[in-house]
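>>> Sequence first, predicted model second:
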Amino acid sequence: MSAFANTDQLQKIMVELWNQIKNTPSMSEKLLSSKLIVQFQYRDPDGKITIDCSDGKQFLIYAGETKIKPQVEMAMKADVAHEFWLGKVNVPVAILTGRMMARGPVNKALALLPVIKPAYDLYPDIYQHREVVGTSITG
Amino acid sequence: MRQNHARDMNPFVFHCPTKVTFGEHMAATASDAVKDYGGTKTLIVTDEVLAKSGILQPILSGFSKDEYVLFTEVPPDSDVDIVNKAAALARETGCNCILAVGGGSVLDTAKVVNICLSLGGELLEYQGLNNLASRLGPLIAIPTTAGTGSEVSMVAMVKDNAEGKKLLFGSRFLAPDCAILDPLLTVSLPPKLTAATGLDALTHNIESYTAVISNSVFTDSLCIESLRLLFEYLPRATTHGDDLQARSATLVASTMAGVAFTNSGVGIVHALAHATGAKFGTHHGLTNSIFLPHGMQFNLDVVSSRYALLARNLGFSNSSNDEEAAQGLISAIAQLSSRVGLPNRLRDLGVPELKDAQLDELALLASTDPAIMFNPKESSVEDIIAIYERAY
């Protein structure tokens, strides 16, 4: 059974997580300075989250389809994303074993990994309250 | 002596999609291999030096004139423009198979040309890891150096000169279908290149063996035997280029190391070599050889038992003290490098002394290089700068 009931729940949890990252200066400032647009593509259930830091000032979060063209795309099963945010996924091994796919300049995506590490502490609480998150957030 | 085989095994996936054939005059069977894989018209990708050397003759003699098209423009550090040019030629002439004959740059170029030819579309769309959705057309690789392991690896790098960066492609579909190892094709490799590419293979082994999050008993066993061959035969291959026994051993060792590292990854030495190579155009194998002892010293406190296992297996130490045995391995590598005539400082490669800001930039480049993901020990920018300065 998947960690997420459906696309809506998956995307709302991820949007909440990224909103909390956005509101944590130690992470958001470094992400903004990267000026990257990263898209996370999930399957089972399907979902998409796009993080746009391209102008270095605005931290924009999009759920679902968007016309914005990402520079880096990361694709994985939603359950792998769940394990990742719980700090249980070793990214190099996930790439070697084909559980994660990266499209674009991989080094840019890798540079962000240490930056978002503190979010591992935020995620369990968001996930635990997924029923509430699922009704209160508008992506 | 107690061996540390009882450590927990990593979960792993081991791919070896490439059929490997080895033997003197085996290159002449390339046309048969093409037919085996259904190729009817072949783009032969190589470089100008090899094309002029006559080395291709036994290979070409197996094809009739209308069965192949020759592309000889691959430079030492290949570029997207070259890839596009070769792919356009292949399309125009109706090629459905690629045969790569050369060193790492030629082989990597051919892999990326194969993406273009097989999948079409914009090349940059395929940049990344696990990003190819389907199998590619047949690709046969004949290495003329013994070091890169590209003839069996699932990765390729080419430069994007317009953007000033290297593009990385990694997928199990990228590995050649067949690698033909013919030691006769390596006998004319000059001593310095023989030594530098040999040390590249040696670095693949050391870093693969100590990529403790991703290695396996499959990769370990390849690394150990490959190292044994390199330590024994690289000096002979370097000083006596026509020693076919030594050429055979180093060629096979390099391919074994290629299978190992493409399954388990490399580490901080490769990350530093990629960054230094990107900045100053230094030879990859040579740069690896200089960083290797320093990278090993950095990782020592985390993987001393792994180094010690290698040292004991290869007969460089019989000490039961891991750190002491590990130092025996590091010394043996430094001695091998010196014996085959390689320099041991970056400044010897013409790398200029860097100012603080330049060091920071280089360290940032190394710290975001995908190779560093597999290093057994986490490193800060300061750690990377310290290794660089020791190697300088």
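All right, it came through fine.
>>> Can you list the helices and strands that the helix ranked longest in chain B packs against?
Longest helix in chain B by number of residues (criterion: DSSP state H): helix B:284-313. Contacts defined by 3 or more CB pairs under 8 Å, 6 or more residues apart in numbering or on different chains; DSSP states H and E place helix B:284-313 against helix B:191-209, helix B:217-239, helix B:268-280, helix B:322-339, helix B:381-391. Using the backbone N, CA and C atoms, a C-beta is placed for each residue, glycine as well.
>>> Show me which residues of the fourth one are buried.
Looking back up the chat, that one is helix B:322-339. Buried residues in helix B:322-339, counted by 16 or more other CB atoms under 10 Å in any protein chain shown: B:D322, B:A325, B:A326, B:Q327, B:G328, B:L329, B:I330, B:A332, B:I333, B:L336, B:S337.
>>> Out of those residues, the closest to B:R91 would be?
Nearest to B:R91 among the buried residues of helix B:322-339: B:S337, at 44.1 Å, using CB to CB.
>>> Give me the neighbour count for the residue lying closest to the closest one once chain neighbours are set aside.
Nearest non-adjacent residue to B:S337, counting by CB to CB, 6 or more residues apart in numbering or on different chains: B:S289, 5.1 Å away. Applying other CB atoms under 10 Å in any protein chain shown, we find 28 residues neighbouring B:S289.
>>> Which parts of chain A are strands?
According to DSSP state E, chain A carries its strands in the segments A:37-43, A:47-52, A:60-63, A:72-77, A:100-103.
>>> could the ones you listed be laid out in CSV, adding mean neighbour count and distance to B:L60?
As requested, the strands of chain A are exported to CSV (neighbours: other CB atoms under 10 Å in any protein chain shown; distance: least, CB to CB, whole Å):
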stretch, mean neighbour count, distance to B:L60
strand A:37-43, 19, 45
strand A:47-52, 22, 50
strand A:60-63, 18, 55
strand A:72-77, 21, 42
strand A:100-103, 22, 38
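>>> With chain B as the reference, name the closest of the ones you listed.
Across the strands of chain A, chain B has its closest neighbour in strand A:100-103 (4.1 Å, CB to the nearest CB).
>>> Could I get the average pLDDT for the closest one?
When pLDDT is averaged along strand A:100-103, the result is 94.
>>> Wondering if it reaches chain B at all.
Yes: shown here: strand A:100-103 in contact with chain B (CB under 8 Å from any CB of the partner chain) through A:M100, A:M101, A:A102, A:R103.
>>> Which single one of these is nearest to B:D369?
Distance to B:D369 across these (CB to CB) is lowest for A:A102, with 13.9 Å.
>>> What is the least confident helix or strand in chain B?
strand B:165-170 (a mean of 90; mean pLDDT, DSSP states H and E).
>>> Mind checking what helix or strand follows it in sequence?
Downstream of strand B:165-170, the next assigned helix or strand under DSSP states H and E is strand B:178-181.
>>> and that next one, what other elements does it pack with?
Contacts defined by 3+ CB pairs under 8 Å, 6+ apart place strand B:178-181 against strand B:19-22, helix B:30-36, strand B:139-143, helix B:244-264.
>>> of all the residues in chain A, which ones are close to chain B?
So chain A meets chain B at A:73, A:90-93, A:95-98, A:100-108, A:110-111 (CB under 8 Å from any CB).
>>> List the buried residues in the least confident helix or strand of chain B.
By 16+ other CB under 10 Å, the buried positions in strand B:165-170 come out as B:K166, B:L167, B:L168, B:F169, B:G170.
>>> same deal with stretch B:303-319?
Neighbour counts using 16+ other CB under 10 Å place B:303-304, B:306-314, B:316-317, B:319 of stretch B:303-319 among the buried residues.
>>> what's in contact with it?
Contacts to stretch B:303-319, defined as CB atoms under 8 Å, 6 or more residues apart in numbering or on different chains, come from residues B:1, B:3-4, B:206, B:209-210, B:212, B:223-224, B:227-228, B:231, B:296, B:300, B:321-332, B:376-377.
>>> In chain B, which residue is most central in space?
By CA atoms, centre = their mean, chain B has its centre lying nearest to B:T148, at 2.3 Å.
>>> Which residue, other than its chain neighbours, is closest to it?
Here the residue nearest B:T148, using CB to CB, 6+ apart, is B:G104, at 3.4 Å.
>>> Can you name the residues that contact the one you found?
Counting by CB under 8 Å, 6+ apart, B:G104 touches B:T145, B:G147, B:T148, B:S150, B:H284.
>>> Can you tell me whether I have it right that the third one is in a helix?
Spelled out, that is B:T148. No: B:T148 is assigned coil when assessed by DSSP: H, G, I helix; E, B strand; the rest coil, not a helix.
>>> separation between it and chain A?
The spacing between B:T148 and chain A, counted by CB to the nearest CB, to the nearest Å, is 19 Å.
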